[in-house]
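*Asks:* Here is my input; please provide its structure:
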Amino acid sequence: MKLKRRGLPGGFNRVRLMLTLGLAVVLPAAALIYVNFSQLRAFERDKVLEAAIHRDFQEMLAITEKKINKKAISMTEDARNLFPAPGSDVEEKEKKLDEILASSPWLTHVFIYEDDVLVLRSQPGQMEDKYIHKEHEQMAGDYHGWFGMAGKELVEGLHKKKRPITFSTGQTKRAGGNAYIMGAMFLLPQYSKEEVALGGVSFDARYLEQTFFPGMLNEQLTEKMSDQGGNQLAMMVYPAEMEMGPEAKPLATSAGWGEGKPEVSRKLDDVFRGLALGIKYQGTSVKALGQSWVHRSFLILGFLSLMIIGGLVLTKHIVSKEMALARLKSDFVSNVSHELRTPLALIRLYAETLELGRITTQDKKQQYYRIIRKESERLTALINNILDFSRIEAGRKEYEFRNTDIAELVRNTLESYRYQIEQQGFAFEENIDPNLPAVPVDREAIARALVNLVNNALKYSRDEKFLGVKLYRDNGVVKLEVADHGIGITRRDQSKIFEKFYRAGDPLVHNTKGSGLGLSLVRHITQAHGGEIAVESTPGKGSRFILSLPLASPAQQPAV
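*Replies:* The predicted model follows:
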């Protein structure tokens, strides 16, 4: 007794499909969604984004402080270089200091101390101000006494410093109220270490408040007006001990500060001691941005979740259609087999009958011959139909050759690829002969071949990123070269890289996504045009692919 094995029912196939989708797609997708949801909740709870923004703000404030200090030091050194030479008399020193004040309106006072003689000069146009006049008199008395007692120790201390300048800060009086003042004291470069000689300058308080600090803040913000999200930034300078309440008045602000406290502050501890820098966003806060980002991320995650669910539904639908199509193909093969057996059986039957000589009349023989001929024609037509179906399934490619401006074709193809080349940091060199004649090619196929070669250069370059494309005429052919400074190809692999699915043994090749069909397609396209493809390469130094196209149309247009 023979046992017949029946095919599995369609319901079982559907269950198996659902299980496959569930285990291979649904569970990993659900796990990914859950992990991302948990991470967003952790971001929201731990305020990770706010902490990251605060770190960026601290870094920006540190950079700003360095630039402010550097500018103040540079201005001080410029003034120091103008001080009088050793041995000058008092009158000559006064004249020289007045010249410094005239050329440096940002200074209020300048002085020089030498041989127990202090020469102090102030801006002539400001001496009518009672506060500046009083300040001048007080400095003249205090400095002379201080330098007389501690001048030697001050000089010795400055000689030990890497930068022979020391800065002092404090509060002073001006017509509008309290003002911040900063002075610098320094060694004079023309004097020896044994001489007790000091120079100094005092920055104008209004200059610092109205020009210096606003200019430095705006200059820094010009370089980085906003963060990566396009949010506008603003900065301020204020006394470090001041509480930044709604009534507090900062020393200086950048454009767009408005009102409110800084998000992040940094005390200045070198040149401008006693002051602090503050930074914030214009019109919003870090907390609000963090909440907005988390909310937007949840929306994106929800949208992606819906997309995944939709994709799963679409996948099930497509797979179901493919299964139905597979069943149709199976039925088609079954029906074709039956259709093939029927004419073959009839042809065999009537041929055997004729061969055995059982038909004696001529009319009957002619009838059998006609049946055999008709069934043969039917069989031929059926086989032709099957072959036509096979050709359609194989998708044979036919090329359409037209006379083409090859230079324009290459230039346009590279232009559409230029953004990707530049984004990946490649140095791009293009050398196209504009005087080439028209070449009979399939435009789409040649463009695809060039793109495949360019893609290989982009994918398989490590440190030295270079791409060169050259198009020129040489001995009756047009040559298209694509060169790179990438990983190169060993001599052993050069004969195999044009085979389907072959990939070289370099680790970068295996770690880079690819099908191994690119160069095979280039070879097929080139050969279909009656041309040749060659490669010149040295491992570690790069490769050069040369695609040669004849100026005349190929005799045949082979299908691929």
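*Asks:* Enumerate every residue touching residue 266.
*Replies:* 58, 61-62, 65, 276-278 (C-beta atoms under 8 Å, 6 or more residues apart in numbering). (Glycine included, C-beta is placed from N, CA and C.)
*Asks:* Quick check: buried residues in the strand or helix carrying residue 155?
*Replies:* Assessed by DSSP states H and E, residue 155 sits inside helix 130-160. Buried residues in helix 130-160, counted by 16 or more other C-beta atoms under 10 Å: 132, 135-136, 139-140, 143-144, 147, 151, 154-155, 158.
*Asks:* Spatially central residue for the chain, please.
*Replies:* The residue lying closest to the centre of the chain (C-alpha atoms, centre = their mean) is residue 423, at 6.5 Å.
*Asks:* Contacts only, for that residue.
*Replies:* Contacts of residue 423 by C-beta under 8 Å, 6+ apart: none found.
*Asks:* can you check residue 192 too?
*Replies:* By C-beta under 8 Å, 6+ apart, the contact set of residue 192 is empty.
*Asks:* sec struct for it, please.
*Replies:* With DSSP: H, G, I helix; E, B strand; the rest coil as the basis, residue 192 sits in coil.
*Asks:* can you pull the pLDDT of it?
*Replies:* Looking at residue 192, its pLDDT is 78.
*Asks:* same question, residue 408
*Replies:* Model confidence at residue 408 (pLDDT) stands at 92.
*Asks:* number of nearby residues for it?
*Replies:* Residues lying near residue 408 (other C-beta atoms under 10 Å) number 13.
*Asks:* Look up how far residue 447 lies from it.
*Replies:* 11 Å (C-beta to C-beta, to the nearest Å).
*Asks:* which residue sits closest to residue 346, ignoring its sequence neighbours?
*Replies:* residue 375 (4.9 Å; C-beta to C-beta, 6 or more residues apart in numbering).
*Asks:* Same question for residue 540.
*Replies:* Using C-beta to C-beta, 6+ apart and skipping the chain neighbours, the partner closest in space to residue 540 is residue 488 (5.3 Å).
*Asks:* So residue 272, which state does it fall into?
*Replies:* Three-state assignment for residue 272 (three-state DSSP): coil.
*Asks:* surely residue 231 meets residue 285?
*Replies:* No - using C-beta atoms under 8 Å, residue 231 is not in contact with residue 285; the gap is 10.1 Å.
*Asks:* could you show me where the strands are in the stretch 1-150 of the chain, in order?
*Replies:* Assigned by DSSP state E, counting those that start in this stretch, the stretch 1-150 of the chain shows strands spanning 107-114, 117-122.
*Asks:* what about these, which gets the closest to residue 265?
*Replies:* The closest of the strands of the stretch 1-150 of the chain to residue 265 is strand 107-114. By C-beta to C-beta, the value is 28.3 Å.
*Asks:* Just want the angle from the helix holding residue 155 to strand 117-122.
*Replies:* Calculated by axes from the mean of the first three to the mean of the last three C-alpha atoms, to 10 degrees, helix 130-160 forms an angle of 130 degrees with strand 117-122.
*Asks:* Which helix or strand lies directly C-terminal to helix 130-160?
*Replies:* strand 165-174.
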